[in-house]
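In: Generate a structure from the sequence data that follows.
(2 chains)
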Amino acid sequence: MPQRAPVADYLDALTRELSFDRPLAHRVRHEVEDHLWEATAADGDASIEAQARAVRSFGEAREIAGQYAALSLLRQARRSGAIIVLASGALYIAMRGRVAWYGLMQWALSDTLQPVGKVVLAIDRTAYLLAFLRGSLGWAYISSRRVSPRFHAGCRAQLRRGLLLAIAAACPMVVSVIADAVVTALRPLEERPHVSVFLIPLLSIAIEVAFAAVLVIAIGKTLRNTRRASSLLPS
Amino acid sequence: MTPSIARDNVRAMEGEMLKGHLDLIVLAALSRGPAHGYAVIQEIQRRSGGAFVLPEGTIYPALHRLEEAGLLGSHWTTADSGRQRRVYALTKRGTRALADQRAI
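Out: Purely as a prediction, here's the structure:
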């Protein structure tokens, strides 16, 4: 088997350890590659031994990757927090747009369906308010955390709290979107309006579902990456 | 305690102090002008007289952290070798932070 170069092996190992943040892994790989080849050149030659010395001086890939984990995880948690706040805004605009459209079309719920509509709307409003308050709190909390050079128990606890708040906001947000979809579906049940009239409410629900989906995906990704990175951190 | 042992103890203490102040040391190293990671390490080793004994790779997370905090900016260039090189520079905030720390 041909001998692999220490620099190439090290770069592959570092990229693997940084799998919790692929864009970061890509950037770090290029930076470290430049560093290692410059260190090797300063040593006089590009021999296997010179490369091995450069890699040894650089440090263990796992340890270096662990030092990036705190920064990366905090950045990802902050991004999830920002998405929650954006999604809340988008949901609110979509809801108001739909209500304004119903007013314009003079399209009210029938007397039969009004009691059902009232219950679903009450659930919708409560869920939305919960999502907005928890999301804002979570975003404010995680945005105020400073990145520590060393990832310790306190940092891990802060990240956990931030993610829990994000999940606590996402759940009622999904309930709110489902409630909106139910209320929107109730209207055409009896009247069967022309499709052009129903297009606006349908579009607004599609926007709400899209934002909720983006949020759930972002939080899921952050949770998965946190799990991947946690193995790198000192216990 | 012999003079050589005392000298070794002082160097070990200086090394530990350097570890605790890595961010400030990195800012100071960039005060002369923009530089890439390897050049920053060379500058730190020059200024510390060899007392900097951390793995060289620890510089890069520090550089990223300082950039995230808005104290450094960076951009890609192409080195003479043709390799991609990331160059870091102090931002106005970074220059102010360094000056404040030096004043203390």
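
In: My reading is that A:Gln51 lies in a helix. Confirm?
Out: Yes - using DSSP: H, G, I helix; E, B strand; the rest coil, the secondary structure at A:Gln51 is a helix.

In: Now that it has come up, it's in contact with A:Thr40, right?
Out: Yes - between A:Gln51 and A:Thr40 a contact is recorded at 5.3 Å, counting by Cβ atoms under 8 Å. All C-beta spots, glycine's among them, are computed from the backbone N, C-alpha and C.

In: any idea how far A:Gly162 is from A:Cys155?
Out: 11 Å (Cβ to Cβ, to the nearest Å).

In: Next, show the common contact partners of these two.
Out: A:Arg145 (Cβ atoms under 8 Å, 6 or more residues apart in numbering or on different chains).

In: Give me the more crowded residue out of these two.
Out: A:Gly162 (23 against 19; other Cβ atoms under 10 Å in any protein chain shown).

In: what about that one, helix or strand, and which?
Out: helix A:153-191 (DSSP states H and E).

In: Common neighbours of A:Gln51 and A:Thr40, please.
Out: A:Val7.

In: hang on, A:Phe132 packs against A:Ser88?
Out: Yes - A:Phe132 is within contact range of A:Ser88, at 4.6 Å (criterion: Cβ under 8 Å).

In: more neighbours, those two?
Out: A:Ser88 (24 against 21).

In: Just the element for the more buried one, please.
Out: Assigned by DSSP H and E, A:Ser88 falls in helix A:61-105.

In: Return the distance of the closest residue to A:Leu137 other than its chain neighbours relative to A:Trp139.
Out: Counting by Cβ to Cβ, 6 or more residues apart in numbering or on different chains, A:Leu137 lies nearest to A:Leu165, which is 6.0 Å off, once chain neighbours are set aside. According to Cβ to Cβ, A:Leu165 stands 8 Å off from A:Trp139.

In: One more: B:Ala69?
Out: For B:Ala69, the distance to A:Trp139 (Cβ to Cβ) stands at 19 Å.

In: Phi, psi for the residue nearest to B:Leu72 when sequence neighbours are not counted please.
Out: Computed as Cβ to Cβ, 6+ apart, the closest residue to B:Leu72 that is not its neighbour in sequence is B:Leu66, at 4.5 Å. Note on B:Leu66: its backbone torsions stand at phi -70, psi -30 [degrees, to the nearest 10].

In: for B:His75, same thing?
Out: Backbone geometry at B:His75, expressed as degrees, to the nearest 10, gives phi -150, psi 160.

In: wait, it sits on B:Arg86?
Out: Yes - B:His75 is within contact range of B:Arg86, at 7.5 Å (criterion: Cβ under 8 Å).

In: who's more crowded, those two?
Out: For B:His75 versus B:Arg86, the count of surrounding residues by other Cβ under 10 Å is larger for B:Arg86: 20 against 10.

In: I figured that one was touching A:Glu31, is that so?
Out: Yes - B:Arg86 is within contact range of A:Glu31, at 4.9 Å (criterion: Cβ under 8 Å).

In: okay, and the common contacts of those two?
Out: With contacts defined as Cβ under 8 Å, 6+ apart, the residues adjacent to both B:Arg86 and A:Glu31 are B:36-37.

In: Enumerate every residue touching the spatially closest residue to A:Leu86 that is not a sequence neighbour.
Out: Excluding the flanking residues, the one nearest A:Leu86 by Cβ to Cβ, 6+ apart is A:Phe211, at 7.4 Å. A:Phe211 is in contact with A:86-87, A:90-91, counting by Cβ under 8 Å, 6+ apart.

In: and A:Leu215, how many neighbours?
Out: A:Leu215: 26 neighbours (other Cβ under 10 Å).

In: now swap in A:Ala179 and tell me
Out: Around A:Ala179 there are 21 residues (other Cβ under 10 Å).

In: Now do it, the pLDDT please.
Out: In this prediction, A:Ala179 carries a pLDDT score of 90.

In: again with B:Arg83
Out: At B:Arg83, pLDDT is 91.

In: and what of A:Ser80?
Out: On the pLDDT scale, A:Ser80 gets 88.

In: Give the residues shared as contacts by A:Leu165 and A:Trp139.
Out: A:Gly81.

In: Identify each buried residue in stretch A:200-213, please.
Out: A:200-201, A:204-205, A:207-209, A:211-212 (16 or more other Cβ atoms under 10 Å in any protein chain shown).

In: And it, how far out from the chain middle?
Out: 19 Å (Cα atoms, centre = their mean, to the nearest Å).
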